[in-house]
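Participant: what's the 3D shape of this:
(chains A and B)
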Amino acid sequence: MAKSMKLAGLKSVENAHDESVWTATWVPATGSRPPLLLTGSLDETVKVWRPDELDLVRTNTGHCLGVVSVAAHPSGVIAASAALDSFVRVFDVDTNATIATLESPPSEVWQMQFDPKGTTLAVAGGGSASIKLWDTATWRLVATLSIPRPEGSKPSEKSGCKKFVLSVAWSPNGRRLACGSMDGTISVFDVARAKFLHHLEGHYMPVRSLVFSPEHDSRKLYSASDDGHVQIHDVEGKAIIGAMSGHTGWVLSVDVSPDGEAIATGSSDKTVRLWDFKMRAAIQVMSNHTDQVWAVAFRPGGRGDRLASVSDDKSISLYHCS
Amino acid sequence: MACVYIPVQNSEEEVRVALDQLPRDASDILDILKAEQAPLDLWLIIAREYFKQGKVEQFRQILEEGSSPEIDEYYADVRYERIAILNALGAYYSYLGKIETRQREKEEHFILATQYYNKASRIDMHEPSTWVGKGQLLLAKGEVEQAFSAFKIVLEGDRDNVPALLGQACVEFNRGRYADSLELYKRALQVYPNCPGAVRLGIGLCRYKLGQFQKARQAFQRVLELDLENVEALVALAIMDLQANDAAGIQKGMDKMRRAFEIYPYCAMALNYLANHFFFTGQHFLVEQLTETALAVTNHGPTKSHSFYNLARSYHSKGDFEKAGFYYMASIKEINKPQEFVFPYYGLGQVKLKSGDFRTALSNFEKVLEVYPDNCETLKALGHIYVQLGQVDKAQEFMRKATKIDPRDAQAFLDLAELLISSDTGAALDAFKTARNLLEKGGQAVPVEVLNNIGVLHFEREELELALESFNKALGDGVWLALTGNKPKPYVIEASASILDYKDMQVFHRLEEEGLAVELPWNKVTVVFNLARLHEQLHNTGIANILYRLILFKYPDYIDAYLRLAAIAKARNNLQLSIELVNEALKVNDKCPNALSMLGDLELKNDDWVKAKETLRSASDATDGKDSYAILSLGNWNYFAAIRNEKRNPKLEATHLEKAKELYTRVLVQHTDNLYAANGAAVVLAEKGQFDVSKDIFTQVQEGASGSVFVQMPDVWINLAHIFFAQGNFALAVKMYQNCLRKFYYNTDSQILLYLARTHYEAEQWQECKKTLLRAIHLAPSNYTLRFDAGVAMQKFSTSTLQKEKRTADEVRSTVAELENAVRIFSQLSAASNLHLHGFDEKKINTHVEYCKHLLEAAKVHREAAEREEQQNRQKQEAARQLALAEEARRKAEEQRKHLLERRKQEDEQKRLQQAEEHFKREQWKSSNPGSRRRDRSEIDDEEGGHSEKRRRKGGKRRKKDKNKSRYERDDEEPDMMDDREEMEDEDANRNYRESTTRMNDQDDDNGENAQDLLAAAGLEDSDMEDETAAAPSSAAGRRRRAWSESDDDEPVQRRPESSPVRGNSAELQESDGEIREDNRKPNGGDALDDDED
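Facilitator: This next block holds a predicted model:
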């Protein structure tokens, strides 16, 4: 391979939050401002940062218990944050005005993602073993995509617990939704028909992060698991195309660069790794964090030349990728 | 032919006796001698003649008759002849004694000889020949110093007495004074130039010993000139030729030996040398014949020893160790000290080593070492023996010495390294590396197993890159490069992605199709295995996977490869696949203890208790109960069983605990340094409340576990933390849990976080407790117990805050927020219980919801009160501030006023002074200087006075403020001594403050009462509440996991078991460690060192 992706540290903010930073996402640029970075923390706040200096734009309060997930609408205007208290707060990025507060008890909320067109917010529903879909115009719950129970098991059994849904990812064309569970299975849904298609196997430990390769009709799904591996699945063919190992701890987060060339992961082993898909091997290991790296995120749009990582060590790091 | 004539008594006639026709019966001739009263010299001549003819019996008969008392009486005045006869007998018995090998007979002969000489001395104590005889006797007896005195007596009388000179020369030779000996021989030769060649032989030997080889050679040659057939001279010359140690010399030497043999086939020394020669030429048949002859013809100890040695060596080289040992032993029996001839000791040592008689081998090699303390081979042999005897330290000592003496002996370094592996990996590694470098320098190929061992040692020391390098070097070129290289084929990548299709060997067939030889030589299997193990450690699971599969492709019976694949699957929590792989291993060998142990462990993970126990039993049986891992697992099983049920059955629990303890102890008896067994035993002790003992053990285990990549024992950290917790040392417990989390789990273990939270809870650190639980929830989202616990923590925090006598409005506010969260959490749990997401009893949760709501109501009241009060406080503070500001303004105004006053005064003064000055000027009295000086001073004084005044005031004020503050905080404190002035000034303000504090306290009291009332109203006094929460989770929580909020006394103990599955894991690590070590030893299997138990 002629060109090789490389990361270079741009800026780190120590004590960006008062407590562990658990989640991060990029808010796309709008007409009036560049992309922003959104982070959520155990300290119950969501913070908005402006690159490359990572100037703090705003601190949003309003959540109780830790903030576990943030998601940004493709328009860049609104965003959502979710916390351990199982509320989802939808707000205007630039004014912090609350647009909606979502809950669907007793379902918890974990990872969230807006669909590529921005009409639906998918929320990983934890113990409800389902993905909740919210309409972004009315903020009404429009669908619950449930993982079917294994055949022969009675609803009274605790097996539901095992299909605890942690992570969720939209395919780039918006037709498929994948969700990862505590027991390591990945479930694939046909969104249009609200129908469960099949499971993707290979992990037997929690899958905390999922991401599709960005090509429009991509069938390639990357999954990060506590088993220390990133697996590459063919979503339609149900096959494992490859596996990448090297992290010495849980892989907590995986993201693909907008051009699909590079894969970044964050792990409990405190490192951020950059991978080459063709080699199935790590090409770079960043060790600037001193605790678990909970999220990595490539800046969307254009060249995707920025990567952000957040960690239990309360810090945020921004990297230049070339 | 010579004749003697015996004169016939009383006549002129003589009886002619032909000496070659002496009668067989000596009595005939004795009769004549006696009858004719023949002169005694004739008796002697005849006896001597018998002796010459080998008729020793007749010789003795005549002489004994010739020395009988009758003869003494009859020939009383014939002194010399009588002495000669006695001396002859003395010499005869001396000789007998000398050649006799049996000790008793030897003694008897010497006694007889002594008697005859003594008798001779009684006749004439100055007779030189008697002294010479005595000297010879003493020499034969080995009493060299006394022999010396005997010969000296003779030589003092006659310094040219040749026999005495020769005797003395012999004495000096034996004393090792070769120069003196040489002088004596020379003198004998001067006195008696025609003496027999033997004298020159003595000269030759002395010169030889003095290192004058050329002159020695000349002496021997002179002997040969005089006597062509002198065997001793021939042999001596031959030996000198042989010692030249070159082909020509050996040829010449052997020729001479052969000639000596032809002349006289019974010279033992020649025979020995010939035998020695034929030993080296491999003609063992000749060796045996020659040595047997040599043994038959000599009684000389050292020579016989040499012969036996030759014989033993011959058998040794033929592999007949029993006979070899026997003859070595015989050889040694002929030796007084090892210094004389050390070789048989070495040989015997070797033979005994071979037969496993290490003690005997040891003592023999030690004898060799006495003589040659720097002999490398002996040092190495001793090293090996000490290994076998289990004295590793001594073994190392010897090996180290061997390597020091010969720092180029690669083998010695290898041996040393082998020894050090178990005790000092660093030193072992160095030794291996030195050996490797020596081999490389010498242009020799470094054996694969050496490189493998170097790799393993690096591996063990966590120098993974170096390990990789060494393994790759050991492997060299081969199919593995296509599997592990930088640019593997896409189908290799795909094949390595998952272990799921471990049976699929297509990838190897494809490689073969592409023309790659998929070969795996037997001596590289272990290295490939270790390489795979290393890639596992490097988390390159794919490469490890494909390498194990390569091993299985070529060697489908390689159980360890199946087990490692199973371990990889297990690490990824794919228990089904793992079990399948272990079963593949069991197909190869259904008694493989490692496979059975692993299966048992997997079954335990699958909650298959009964099956697991059976499997572990059979693992233990498969090794006759010698496999520590299996016993440990059974111990763990029993331990789990003891604490398994939440409704404890005390009897069953005690039985299981006792059984567990017994099993742990059994392992400890076999292996006193087994950390896992020690840990287990300590856990059982802790269960019984013996915290101090168990703490000691845990601490030791913790120390023992540090330092090796293969021993990871987080359990012991957790157990120690549990002990600290149980003893109420919460700070240390917290530290220990946190260190464990960081060191072993990257802070990801929610169970330990739960322990940590529990400790914070007991330490009443509510916020830390809550944060810790939130982290745990984030890590283990589906564990609803954690949520319940978080709810309880928040509830507890709120209760305790509300019960506090004093708290700020902020505290109350956060209490309200916390209660709202608690209500939400409990409500959600309550709702979720419909979905059977967790096993909590809905009613209990609802009780919590209700209680928290009650509390919330109360808290809201408190909050309002607190906020009101806060408002009031703020107002008061504002008032106080205003007051302070006013005061400040007043003070400033006052100062201003004073200042003005001052200035006016000064101005007045100045004016006055000016006037005075003018007055002075007007007076025109003296110069103006003193005056102006005085004025200056007064100005300064004034200024200083002003400043100091101000300063004092400021200081006073500050003090005052402090006091006020303290009074505000603790109003029972009496005011201190005050600056009178200031007290006057600030009296009002003080009073104000005091009033406000009292009011506040009143309020406090009210609130406190209110809170108590509310609690009482809710029917939930704190103590009751504890019970409530305790009951809630236990009734329905998961089978093995009880919620921590249960605050029984035995709680910490109950928690410990949770860590024990981890212990299982660690033990498995140890197992894999064992595998590697085993493999690491395999290549050296041929060595004598390989049998020790790990």
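
Participant: doesn't residue A:174 belong to a strand?
Facilitator: No - under DSSP: H, G, I helix; E, B strand; the rest coil, residue A:174 sits outside any strand and is assigned coil.

Participant: now residue 202: phi and psi?
Facilitator: Unless you meant another one, I'm taking chain A. Per-residue torsions, residue A:202: phi 130, psi -40 (degrees, to the nearest 10).

Participant: does any bit of stretch A:50-67 sit next to chain B?
Facilitator: Yes - contact check for stretch A:50-67 against chain B, using Cβ under 8 Å from any Cβ of the partner chain: residues in range are A:64-66. Every residue, glycine included, has its C-beta placed from N, CA and C.

Participant: which of those lies closest to residue B:651?
Facilitator: The nearest member of those to residue B:651, counting by Cβ to Cβ, is residue A:65 at 44.2 Å.

Participant: from residue B:775, how far out is the closest one?
Facilitator: Going from residue A:65 to residue B:775 by Cβ to Cβ, to the nearest Å gives 11 Å.

Participant: and for these two, which residues touch both?
Facilitator: Residues touching both residue A:65 and residue B:775 by Cβ atoms under 8 Å, 6 or more residues apart in numbering or on different chains: none at all.

Participant: number of nearby residues for the nearest residue to residue B:257 once chain neighbours are set aside?
Facilitator: Using Cβ to Cβ, 6 or more residues apart in numbering or on different chains and skipping residues adjacent in sequence, the residue nearest residue B:257 is residue B:238, 4.5 Å away. Here the number of neighbours of residue B:238 (other Cβ atoms under 10 Å in any protein chain shown) works out to 27.

Participant: find me the pLDDT at residue B:238, would you?
Facilitator: The model reports residue B:238 with a pLDDT of 81.

Participant: also the one 5 residues further on?
Facilitator: The predicted local confidence for residue B:243 comes out at a pLDDT of 77.

Participant: just give the nearest non-adjacent residue to it, would you?
Facilitator: Here the residue nearest residue B:243, using Cβ to Cβ, 6+ apart, is residue B:249, at 7.4 Å.

Participant: give me the helices and strands touching whichever strand or helix holds that neighbour, please.
Facilitator: In the assignment (DSSP states H and E), residue B:249 maps to helix B:247-263. Helix B:247-263 makes packing contacts with helix B:231-243, helix B:268-280 when contacts are defined by 3 or more Cβ pairs under 8 Å, 6 or more residues apart in numbering or on different chains; DSSP states H and E.

Participant: hmm, who's touching the last one?
Facilitator: Contacting residues not belonging to helix B:268-280 are listed as B:231, B:234-235, B:238-239, B:242, B:250, B:253-254, B:257-258, B:260-261, B:264-265, B:284, B:286-287, B:290-291, B:293-295, B:297-298, B:300, B:303-304, B:306-307, B:310-311, B:313-314, B:317 [Cβ under 8 Å, 6+ apart].

Participant: that one vs helix B:247-263, what angle?
Facilitator: Computed with axes from the mean of the first three to the mean of the last three Cα atoms, to 10 degrees, the direction of helix B:268-280 lies at 130 degrees from that of helix B:247-263.

Participant: what's the following helix or strand after helix B:268-280?
Facilitator: In the C-terminal direction, the helix or strand that comes right after helix B:268-280 (DSSP H and E) is helix B:284-297.

Participant: quick check: buried residues in that following helix?
Facilitator: Neighbour-count burial for helix B:284-297, with 16 or more other Cβ atoms under 10 Å in any protein chain shown as criterion, is recorded at B:284, B:286-288, B:290-291, B:293-295, B:297.

Participant: the stretch 51-200 of chain B: helices as residue ranges?
Facilitator: B:56-66, B:69-74, B:79-99, B:103-123, B:128-141, B:144-157, B:162-174, B:178-191, B:197-209 (DSSP state H, counting those that start in this stretch).

Participant: I'd like these as TSV, with mean neighbour count appended.
Facilitator: Output for the helices of the stretch 51-200 of chain B, formatted as TSV (neighbours: other Cβ atoms under 10 Å in any protein chain shown):
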stretch	mean neighbour count
helix B:56-66	19
helix B:69-74	12
helix B:79-99	21
helix B:103-123	17
helix B:128-141	24
helix B:144-157	18
helix B:162-174	23
helix B:178-191	19
helix B:197-209	21
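
Participant: any chance of JSON lines for those helices, columns mean pLDDT?
Facilitator: Output for these, formatted as JSON lines (pLDDT from 0 to 100):
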{"stretch": "helix B:56-66", "mean pLDDT": "83"}
{"stretch": "helix B:69-74", "mean pLDDT": "79"}
{"stretch": "helix B:79-99", "mean pLDDT": "85"}
{"stretch": "helix B:103-123", "mean pLDDT": "86"}
{"stretch": "helix B:128-141", "mean pLDDT": "85"}
{"stretch": "helix B:144-157", "mean pLDDT": "85"}
{"stretch": "helix B:162-174", "mean pLDDT": "85"}
{"stretch": "helix B:178-191", "mean pLDDT": "85"}
{"stretch": "helix B:197-209", "mean pLDDT": "82"}
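
Participant: out of the ones you listed, which comes closest to chain A?
Facilitator: Across the helices of the stretch 51-200 of chain B, the minimum distance to chain A, taken as Cβ to the nearest Cβ, is reached by helix B:197-209, at 75.2 Å.
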